[in-house]
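J.: My questions are about this predicted structure, shown below with the sequence.
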Amino acid sequence: MMKIQVLFGTESGNAEVAAEDLAESVRNDSQEVEVQDLSSFSISELQHDSMYVFLCSTYGEGDLPNTALPFYADLSVVRPDLSGMRYAMFGLGDTFYTETYGHGATKLDDKLTELGAQRVGEIGRYDASTWEPVGECAVAWFAGVLEDVSAVR
Amino acid sequence: MDTPLSIAVIGSGPSGCYIAQSLRRSFPQSEITIYDRLASPFGLVRYGVAPDHQSTKSIQSQFARLFERENVRFAGNIEVGRDISLDQLRNTHHIVVLAAGLPGDRPVGVPGEDLPEVYRAGRLTRLFNAHPLEQTGVPKLGKSVAIIGGGNVSIDVLRMLIKQPEDFVNSDIDDAVLADYVRAPAGRIDLICRSTITNAPSDPVMLAELGRIQGVRFSCPDPIEVAEGAPRTALARAKAVEGLLAIDPGTETRVEVALHFGWAPVSINGDGHVRNVELRSVNDDRRNLHLDADSVVTAVGFDFDDGDWHGLGALKANLESGAMDHGLYRTGWIKRGSRGTIAENRSCAKAVAEEIVASVDALQRQTKPGYGGLPDEVRARAVDYSAWKRVDAAETEAAPGDRSRRKFPSHEHMVAIAHNKLVQTSAGTGAN
Ligand SMILES: Cc1cc2nc3c(=O)[nH]c(=O)nc-3n(C[C@H](O)[C@H](O)[C@H](O)COP(=O)(O)OP(=O)(O)OC[C@H]3O[C@@H](n4cnc5c(N)ncnc54)[C@H](O)[C@@H]3O)c2cc1C
Ligand SMILES: Cc1cc2nc3c(=O)[nH]c(=O)nc-3n(C[C@H](O)[C@H](O)[C@H](O)COP(=O)(O)O)c2cc1C
């Protein structure tokens, strides 16, 4: 069984809530799982035999949240070879921001792909305009991703 | 040291909720109570954030988890300083965190500010949000309104005043207040921002959003181009203003909005009533402007009052430390001043929580009973979370079809519903 690492980038805390709910649902399936804030995670910790789940919101003009910026900057500067690494991506945003809806996660996704990592499943989306509980949304999305993973293997 | 740690948080706005979140993580076994003078939790998320920005208000569902799943107690309808003293709380809890925000609008500091038609933004935003402790009745705004201030709150006010009732679909605006206003809406509004477009304190999306409202003609007599290489936000802001100027509602024009950048108010003039506002150009020596206005709304931030804050003396902003005394801390606006978004209160709360964690061993030597140690009559008046949920349900039920909820503008009414003391009437009637 592979270890699942849940990493979140947030400003107002929704991504953290989603990360915790997602981790709890995975733990209930007795998977090994760890949750970390991207602001306290270094790119040197990235491992090839883990499965990463990123949850990331959007701020400014379609930018990553402050807490995820150092991680993103390190990826851009150091450009580690991430081939072999697998990850899933969940984006939080708000359709009120029509032109930049969910761009934070898309940017992070593009960067990871560019460095050779392989995304499993579709990018999940949460729209704050809906008032849907963000945790439930993330858990439902990830269940689908896990099905994709087991279908591939 | 086997006594469980008891924690009191004063104020259930974003700062109070975020600090409770952090402290719950650090001290899973502790007893945490969030006190608020209102019967409802969430502070300015409920009563500041504009009623037509429901997605911003949706952060409430994150905070609700504290009370629903994380064993944090809500004790509404308890005002520190009236129902209970700060000392009483400090004597019964190991840790007290002030998260009471800043209620008082900052004055602009110009002559004429005391004329009767000069209103503070806080009053208007509370009115539109049905704040239960705000005096009701829309103030007389007249045909032309000058809004002093260029931040997001001033744009909130502008937006409220130029929208039509049908633009508030799915909001929780106070419809009685809105109806009052649309009986005699403003036909001209001047927004006066001290900074240039480059440095203005508003979010570009907030400006751009104004362009979605029908029947508004925008003008801006000041230069709108920003220097090349200006920060991205400045470019986006200029683009947003350009977009507004390109709109031509023609004969459908209901309201004219003039945006002024780089002008500071000198005085508000009038003989017993507001007549005009005099402005001075901040960056060059253009002649002073006189803008005619029937009323003025000031939106230049919120401030500490100079009085004695519950025996602590006059508070001042402190950006470094949340610690005020043994076991006493503060976070959010009451720590930093009225700066920043909801999200910024999260990092603030995290930092203060770290300070608390670092000093907790020294705090826990005495036994302190926490909430249970408060006088019976105080606990009897408290609105707990399940009581608040009754109000929440009643508000949702009372909402007309095109509104998300109908907030009750009377504190007593809310408390009566919370305590199940209201003679049940059919939904909506007799609610005020
Ligand atoms: C009009 C307006 C619109 C805004 N819009 C946005 C927006 O769209 N997006 C955004 O990110 N930010 C917005 N903000 C900023 C945001 O609201 C603040 O950053 C945030 O609310 C500050 O949180 P706080 O918890 O420090 O204070 P508050 O939210 O003010 O909470 C303080 C709480 O303490 C309680 N309290 C006060 N005194 C006592 C007492 N003596 N005893 C018991 N309880 C007490 C109050 O009832 C209140 O519930 C807006 C602010 C305003 C004023
Ligand atoms: C100032 C600000 C700017 C935002 N900009 C965007 C944006 O450009 N695109 C988007 O999809 N969402 C945007 N959002 C919405 C947030 O991404 C959304 O509220 C999300 O749920 C926040 O998640 P978090 O709590 O994990 O930070 C913005 C929110 C704020 C307050």
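T.: Good, I have the coordinates. Numbering: from 1, shown residues only, chains lettered A, B, ... in the order given. Ligands and ions are numbered 1, 2, ... in the order given.
J.: what stretches of the chain score poorly on pLDDT?
T.: Reading this off chain A. A:1, A:151-153 (pLDDT under 70).
J.: that's the wrong chain, I wanted chain B
T.: For chain B (pLDDT under 70), the answer is B:1-2, B:423-432.
J.: Contact distance from ligand 1 - what residues of it qualify?
T.: B:10-16, B:35-38, B:43-44, B:48-49, B:53, B:56, B:79-81, B:99-101, B:125, B:153, B:156, B:332-333, B:340-342, B:345 (C-beta under 6 Å from any ligand atom). The way it works is simple: take the backbone N, C-alpha and C, and place the C-beta from them, glycine included.
J.: from those residues, which are also near ligand 2?
T.: Okay, of the residues of chain B next to ligand 1 touching ligand 2 (C-beta under 6 Å from any ligand atom), that's residue B:341.
J.: are any of the residues of chain B next to ligand 1 buried, and which?
T.: B:10-16, B:35-38, B:43-44, B:48-49, B:53, B:56, B:79-80, B:99-101, B:125, B:153, B:156, B:332-333, B:342, B:345 (16 or more other C-beta atoms under 10 Å in any protein chain shown).
J.: Just those: which are in strands?
T.: Judged by DSSP state E, these include B:10, B:35 as members of strands.
J.: Export the top helix by length along chain B to CSV, keeping only CA atoms.
T.: Longest helix in chain B by number of residues (criterion: DSSP state H): helix B:344-363. The C-alpha trace of helix B:344-363 is given here as CSV (Å, rounded to 0.1, in the frame of the first residue of the first chain):
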residue,chain,number,x,y,z
GLU,B,344,-5.4,37.7,7.2
ASN,B,345,-7.0,37.1,10.6
ARG,B,346,-6.0,33.5,10.2
SER,B,347,-2.3,34.0,10.1
CYS,B,348,-2.6,36.5,12.9
ALA,B,349,-4.5,33.9,15.0
LYS,B,350,-1.9,31.3,14.2
ALA,B,351,0.9,33.6,15.5
VAL,B,352,-1.0,34.4,18.7
ALA,B,353,-1.8,30.8,19.2
GLU,B,354,1.9,30.0,19.0
GLU,B,355,2.6,32.6,21.7
ILE,B,356,0.0,31.0,23.9
VAL,B,357,1.4,27.5,23.4
ALA,B,358,4.8,28.7,24.3
SER,B,359,3.7,30.1,27.6
VAL,B,360,1.0,27.7,28.7
ASP,B,361,3.0,25.8,31.3
ALA,B,362,3.2,28.9,33.4
LEU,B,363,-0.5,29.5,33.1
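J.: who does that helix touch, helix- and strand-wise?
T.: Using 3 or more C-beta pairs under 8 Å, 6 or more residues apart in numbering or on different chains; DSSP states H and E, the elements in contact with helix B:344-363 are helix B:14-26, strand B:95-98, strand B:328-330, helix B:333-336.
J.: gap between the longest one and the chain center?
T.: What that stands for is helix B:14-26. 19 Å (C-alpha atoms, centre = their mean, to the nearest Å).
J.: And the second one, by the same measure?
T.: Counting by C-alpha atoms, centre = their mean, strand B:95-98 is centred 21 Å from the centre of its parent chain.
J.: Next: the shortest one.
T.: Taking the mean C-alpha point of strand B:328-330 and that of its whole chain, the gap between them comes to 21 Å (C-alpha atoms, centre = their mean).
J.: same deal with stretch B:328-338?
T.: Computed by C-alpha atoms, centre = their mean, the chain-centroid distance of stretch B:328-338 equals 15 Å.
J.: Now do it: everything it contacts.
T.: B:11, B:13-16, B:18-19, B:90, B:95-102, B:106, B:301-304, B:315, B:317-319, B:322-324, B:339, B:345, B:348-349, B:352, B:355-356 (C-beta atoms under 8 Å, 6 or more residues apart in numbering or on different chains).
J.: Show me the longest helix that occurs in chain A.
T.: Chain A, longest helix under DSSP H: helix A:134-152.
J.: what are the ranges of the strands in chain A?
T.: A:4-9, A:33-37, A:51-56, A:86-93, A:118-119, A:124-127.
J.: in its sheet, what does the first one sit against?
T.: Think strand A:4-9. Applying DSSP bridges to the sheet, strand A:4-9 is found paired with strand A:33-37 (parallel), strand A:51-56 (parallel).
J.: for the fifth one, same thing?
T.: In the sheet containing strand A:118-119, its partner strands are strand A:86-93 (parallel), by DSSP bridges.
J.: Measure how the strand it pairs with sits relative to helix A:134-152, angle-wise.
T.: Here strand A:86-93 runs at an angle of 150 degrees relative to helix A:134-152 (axes from the mean of the first three to the mean of the last three C-alpha atoms, to 10 degrees).
J.: Dump strand A:86-93 to CSV, keeping only the CA atoms.
T.: C-alpha atoms of strand A:86-93 as CSV (Å, rounded to 0.1, in the frame of the first residue of the first chain):
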residue,chain,number,x,y,z
ARG,A,86,2.0,10.7,-9.0
TYR,A,87,-0.4,13.3,-7.7
ALA,A,88,-4.0,14.4,-7.7
MET,A,89,-5.1,18.0,-7.7
PHE,A,90,-8.1,19.7,-6.1
GLY,A,91,-8.7,23.4,-6.7
LEU,A,92,-10.7,25.8,-4.6
GLY,A,93,-12.0,29.0,-6.1
